[in-house]
Structures are given as structure tokens and as C-alpha cells.
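Asks: Show me how the following folds:
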Amino acid sequence: MMVADFVSADFGWLKSKDGEKSARVIFRPGKNRDGWFDSGDVLKQVEIAIEITKTDYPDYEHIFVYDNAPTHLKRADGALSARKMPKKMPK
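Replies: Sure thing, here's the model as predicted:
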């Protein structure tokens, strides 16, 4: 199981002041489970986090920090990748 969430030294785990909304994602990674937490999932999660901070904590400056190595590999759809290129050219 994977849990992705935001935490603040001042406010604790990120949630709306009424406790109804949270950016927490609980995920069971794997081919036969929830799939993989990719850059699209990270974007959806941060959009929710930004909405919560703008609505419930508008008087503060917020900085979102990630340590999610798989998102470092994200490329535009159709982009070239050396990993997918043949090692030797056919003769």
C-alpha cells in the first residue's frame, strides 16, 4: 500500500478546516491492483491540495515539495527516449 499526502509543520496533515476534503491518496500499486501512481495522479493530487490551501488557508504562502522518483522520468507523449532506441543499427 502507498499513501501520498501533504503535511505542514504548522497545520499537520493537509485537509480542509471542516475536515471534509483531503489531498491524501491511498493506493495499492501493481498490475492487478490500482495500477501505478504516475505524473497524472500527482497533478490531480496537487490540484486538490492547491484548492484546499486557497480556500482554507489563503493568508499563507504554500510551497509543495515532492520526492517521487518515477515522476522524474516523465516526458511529453511521443517524445524520443534513448531507452527505446536500438543499441546497434542493422546492416
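Asks: host element of residue 50?
Replies: Assigned by DSSP states H and E, residue 50 belongs to helix 39-56.
Asks: Could you check that helix and say which residues are buried?
Replies: If you call a residue buried by 16 or more other CB atoms under 10 Å, then helix 39-56 has these buried ones: 41-42, 45, 48-49, 52-53. Placement of C-beta: from N, CA and C, glycine included.
Asks: Residue 25: which of those is nearest?
Replies: residue 45 (5.5 Å; CB to CB).
Asks: Widest-spaced pair of the buried residues of helix 39-56?
Replies: It's 41 and 53 that sit farthest apart of the buried residues of helix 39-56, by CB to CB, at 18.9 Å.
Asks: low-confidence ranges in the protein?
Replies: 68-74 (pLDDT under 70).
Asks: could you pull out the strands for it?
Replies: Ranges of strands in the chain, per DSSP state E, are 2-4, 7-8, 12-13, 25-27.
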